[in-house]
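Enquirer: got a predicted model here, sequence first, then my questions.
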Amino acid sequence: MKIKEYLGKVFDRYVVINLSAMLVVIILLCVGVGYGLDIYTHHGEDITVPNLKGMDVDKAERQINQMGLNIVVSDSGFNKTLPADCILLQTPGEGQKVKQGHVIYVTVNSPSSPSFAIPDIIDNSSVREAEARLMAMGFRLNPHKMVDGEKDWVYGVMCHGRQVSKGDRISIDHPLTLMVGKGTIEDMDDVDMVDAEEMEEGGTDDFEEVTGD
């Protein structure tokens with residue numbers, strides 16, 4: 001068989017038509033998939049995140065939903081100067097570009113101040129350690145109440161004039177007073193001990209024997 005005849009059979013009209021049709025189908029599929037992905041991901045349709053801080057969470061949710069976004073309350077805080085249920089923080093922040101359906105996470109103002117359990121500091125820590133732990137939790141501290149005891153040792157915690165115990169839940173709006181030792185108990189190491197043998201050896205040097213005439 002000559003080459004010309006072989007190529008004529010390979011590139012028969014029907015074969016060429018079929019191959020062309022397959023090529024057209026592949027091209028259309030590629031274009032369709034690309035176009036579909038653009039629609040699915042909303043290519044070029046970025047949404048600018050608005051400022052939600054200070055807004056009531058229900059009002060913010062309605063606004064966000066109308067923009068094609070979602071809102072989720074992820075945390076709560078407390079600011080007594082702001083109304084309850086208003087938004088304190090948001091992520092992503094104002095002005096950022098997001099896609100439709102993106103979630104905006106917000107921190108909402110609690111209607112009351114948070115309360116925390118008193119940690120294990122009573123008769124278990126120095127005043128410096130106790131101050132650091134309580135202030136890290138958000139408590140405010142009054143001047144210390146000095147009591148008899150080892151210097152700078154915490155012997156109790158008071159709130160509004162009454163003693164509280166470990167585990168009691170106290171609002172951070174209520175200042176605490178630490179009962180701190182003022183150093184009236186002396187350590188045994190500070191007491192000078194006189195050796196008994198030294199007293200026996202040197203005792204006759206300190207006293208004169210009195211004899212009668």
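Expert: Done, it's in.
Enquirer: mind listing what K166 touches?
Expert: Contacts were defined as C-beta atoms under 8 Å, 6 or more residues apart in numbering; by that measure K166 touches A117, I118, P119, D120, I121, I122. Yep, even glycine has a C-beta here, placed from its N, CA and C like the rest.
Enquirer: who are the contact partners of the spatially most central residue of the chain?
Expert: Against the mean C-alpha coordinate of the chain, by C-alpha atoms, centre = their mean, the closest residue is D75 at 9.6 Å. With contact taken as C-beta under 8 Å, 6+ apart, D75 is in contact with L89, T107, V108.
Enquirer: for W153, the count of nearby residues, please.
Expert: W153: 19 surrounding residues under other C-beta atoms under 10 Å.
Enquirer: wait, it sits on M179?
Expert: No: between W153 and M179 there is no contact under C-beta atoms under 8 Å: 9.6 Å.
Enquirer: of the contacts of K166, which belong to strands?
Expert: Here DSSP state E is the test, and these give A117 as lying in strands.
Enquirer: helix or strand with the lowest mean pLDDT in the protein?
Expert: Using mean pLDDT, DSSP states H and E, helix 196-206 stands out as the lowest-scoring helix or strand of the chain, at a mean of 45.
Enquirer: for I39, give me the pLDDT.
Expert: Turning to I39, the model gives it a pLDDT of 59.
Enquirer: cool, the one 10 residues further on as well?
Expert: In the predicted model, V49 carries a pLDDT score of 94.
Enquirer: how near is it to D56?
Expert: Going from V49 to D56 by C-beta to C-beta, to the nearest Å gives 17 Å.
Enquirer: which one's more surrounded, those two?
Expert: V49 (20 against 16).
Enquirer: hmm, I104 and that one touching each other?
Expert: Yes: using C-beta under 8 Å as the test, V49 is close enough to I104 to be in contact (6.5 Å).
Enquirer: give me the common contacts of these two.
Expert: Going by C-beta under 8 Å, 6+ apart, residues that sit against V49 and also against I104 are L69, Q90, P92.
Enquirer: closest to V127 out of the residues you listed?
Expert: Comparing the shared contacts of V49 and I104 against V127 with C-beta to C-beta places Q90 closest, at 39.6 Å.
Enquirer: strand partners (parallel or antiparallel) of whatever helix or strand that closest one lives in?
Expert: According to DSSP states H and E, Q90 maps onto strand 87-91. Partners of strand 87-91 in the sheet, by DSSP bridges, are strand 103-109 (antiparallel).
Enquirer: go through the partner strand and flag the buried ones.
Expert: Residues of strand 103-109 classed as buried: I104, V106, T107, V108, N109 (neighbour count, 16 or more other C-beta atoms under 10 Å).
Enquirer: got it, and stretch 153-172?
Expert: Neighbour counts using 16+ other C-beta under 10 Å place W153, V154, Y155, G156, V157, C159, V164, I170, I172 of stretch 153-172 among the buried residues.
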